[in-house]
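Participant: this is a predicted model, with the sequence first.
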Amino acid sequence: MNVPAQSDPGASSFDSLWTSLLPIGRNGATGGYRRFAWQDADMQCREWFRGQAESRGLDVERDRNGNLWAWWGSPGPGAIVTGSHLDSVPDGGAYDGPLGIVSAFAAIDLLRLRGVRPSRPIAVVAFSDEEGARFGVACIGSRLMTGELGRERALALRDDDGLTLAETLTKAGVDHGALGRDDESLARIGTFVELHVEQGRGLVDLDRSVGVATSIWPHGRWRFDFTGEANHAGTTLPQDRRDPMQAFAGTVLAARTAAASRDARATFGRVLIDPNGTNAIPSAVTGWLDARARDEATLDDLVADIGAAATASGEADRVGVAVTSESYTPVTTFDPALRDGIATLLDRAPLLPTAAGHDAGVLATAGVPTAMLFVRNPTGVSHSPEEHAEDVDCLAGTDALASVLADLAC
Ligand code: HGY
Ligand code: MN
Ligand code: MN
């Protein structure tokens, strides 16, 4: 972003926040972000958060589950909370998550410039590990806070190097003794509003810069383990092979067909191959299915079909198959009165559903009055270095968020 500092103080505040965060965790070769929970880039993002909060005189705290909070006013019940996450998927874009946090700080700057004096506390939150890129479960920070993810299960989650979350937190100097449902933090949230880059082209089609979320499709993650027999790539006869890659490939193709017939989504975006040698039949293949659909019955049906296809492929290739559900998020409907009030406040902003998951969805499911704002994404591309939002739309989003915060907090 490049906005002349003097021309518009709101733009200048957004610009300096955005440009100071931009280099952290960016891979020079791909241009994508690798900000994985509790690794160096994530720790630097957390330092950035602390620095931005402190430079604004906001009190910073890290809650029992590693989520960061910055308070304008005393922490307490009825707070208007806004924010998002700072971690990314592998080679993710700059906007998914960080836009919500940069806009939150910039919105506070705008409110102060306008002389707004909130009668309720306002907080900016950065939830831990929203993408689940490291430990496999999405929204770990918010799910721990609401109790949807249990303490024992969370601590035992492992990354690809075999490190548990418990070991990781200890290494990062975080005491995990009190990890788990956090009624005190939850009780302080009067309303939560998350601003996010749109992950689709709904706002492009409607020619609007800002929209309001209606609902999130039900979605989940399943691990598919295929176990075969390692052997020589050249000397093993076709009839002697027990190749888990073949069974996996059959499952991937079946997933495409099963999703297409239901207008649903099925993606195998991550795979581990053991031992991963060019001239050896693998002994094991593990693939993770991300599946989403308009309603839970369709999603359940879709996953059952893909599971059946995996079993059939496994039998045909004499390969063992095990399917494990790792997370499941039911359909989320955002608070209708809050949603409609915000849409009216924002010049009848359009209402949009999404198939992307968010911490806002976790909070809404836990009964917190929650809303989301979307900022136009000209290509709709997300979870990729190509993810983008125009400067003018980011500023419109910040301005919209500031209006919403003022409306709710004053
Ligand atoms: O994967 C998701 O839906 C979200 O972007 N974390
Ligand atoms: Mn994401
Ligand atoms: Mn996100």
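Facilitator: Structure's in. What do you need? Ligands and ions are numbered 1, 2, ... in the order given.
Participant: only C-alpha atoms from now on, for both contacts and neighbour counts.
Facilitator: Noted.
Participant: return the per-residue confidence for the residue lying closest to residue 250 once chain neighbours are set aside.
Facilitator: Nearest residue to residue 250, sequence neighbours excluded (CA to CA, 6 or more residues apart in numbering): residue 313, at 6.0 Å. Looking at residue 313, its pLDDT is 98.
Participant: confirm residue 199 sits in a strand?
Facilitator: No. Counting by DSSP: H, G, I helix; E, B strand; the rest coil, residue 199 is not found in a strand; it is coil.
Participant: who's in contact with it?
Facilitator: Residue 199 is in contact with 354, 356, 377, 380-382, counting by CA atoms under 8 Å, 6 or more residues apart in numbering.
Participant: any chance of those in CSV, plus neighbour count and pLDDT?
Facilitator: Below are these laid out as CSV (neighbours: other CA atoms under 10 Å; pLDDT from 0 to 100):
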residue, neighbour count, pLDDT
354, 19, 98
356, 15, 98
377, 25, 98
380, 18, 98
381, 16, 98
382, 19, 98
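Participant: just the ones of these in strands?
Facilitator: residue 354 (DSSP state E).
Participant: return the member of the contacts of residue 199 nearest to ligand 1.
Facilitator: Set against ligand 1, the nearest of those by CA to the nearest ligand atom is residue 356 (3.4 Å).
Participant: burial count for the nearest residue to residue 159 once chain neighbours are set aside?
Facilitator: Nearest non-adjacent residue to residue 159, counting by CA to CA, 6+ apart: residue 135, 4.9 Å away. Close neighbours of residue 135, defined as other CA atoms under 10 Å, add up to 21.
Participant: same check, this time on residue 210
Facilitator: 29.
Participant: got it, and the one 5 residues further on?
Facilitator: Look at residue 215: counted by other CA under 10 Å, it has 24 neighbours.
Participant: give me the residues contacting whichever strand or helix holds it.
Facilitator: Assessed by DSSP states H and E, residue 215 sits inside strand 210-216. Strand 210-216 is contacted from outside by 203, 331-334, 336, 339, 342-343, 349-357, 361, 371-376, 393, 396-397, 400, using CA under 8 Å, 6+ apart.
Participant: from ligand 3, how far off is the closest residue in space to residue 230 that isn't next to it in sequence?
Facilitator: Using CA to CA, 6+ apart and skipping the chain neighbours, the partner closest in space to residue 230 is residue 283 (4.3 Å). Distance, residue 283 to ligand 3, by CA to the ion, to the nearest Å: 35 Å.
Participant: likewise residue 328?
Facilitator: Distance from residue 328 to ligand 3, by CA to the ion: 17 Å.
Participant: name the element that residue belongs to?
Facilitator: strand 320-329.
Participant: same check, this time on residue 298
Facilitator: Residue 298 belongs to helix 296-317, assigned by DSSP H and E.
Participant: ok, residue 47 next?
Facilitator: When elements are assigned from DSSP H and E, residue 47 belongs to helix 40-55.
Participant: may I see the buried residues of that helix?
Facilitator: Neighbour counts over helix 40-55 (16 or more other CA atoms under 10 Å) mark 41-46, 48-50, 52-53 as buried.
Participant: on that earlier part again, and the helix holding residue 298 with strand 320-329, angle?
Facilitator: 160 degrees (axes from the mean of the first three to the mean of the last three CA atoms, to 10 degrees).
Participant: outline the domain layout of this protein.
Facilitator: Here the domain parsing of the chain from automatic domain parsing is 9-217+331-409, 219-329.
Participant: sorry, back to before: report the distance from the helix holding residue 47 to the chain centre.
Facilitator: 19 Å (CA atoms, centre = their mean, to the nearest Å).
Participant: give the rounded mean pLDDT of it.
Facilitator: 98.
Participant: after it comes which helix or strand?
Facilitator: strand 59-62.
Participant: strands paired with that following strand, and their directions?
Facilitator: strand 68-72 (antiparallel) (DSSP bridges).
Participant: just the strands in the stretch 101-250 of the chain please.
Facilitator: 122-127, 189-197, 210-216, 219-227, 231-232 (DSSP state E, counting those that start in this stretch).
Participant: up against ligand 1, what does the stretch 101-250 of the chain have?
Facilitator: Proximity of the stretch 101-250 of the chain to ligand 1, by CA under 6 Å from any ligand atom, involves residues residue 131.
Participant: and the helices in the stretch 101-250 of the chain?
Facilitator: With helices called from DSSP state H, counting those that start in this stretch, the stretch 101-250 of the chain shows them at 140-146, 151-156, 165-171, 183-188, 202-206, 244-260.
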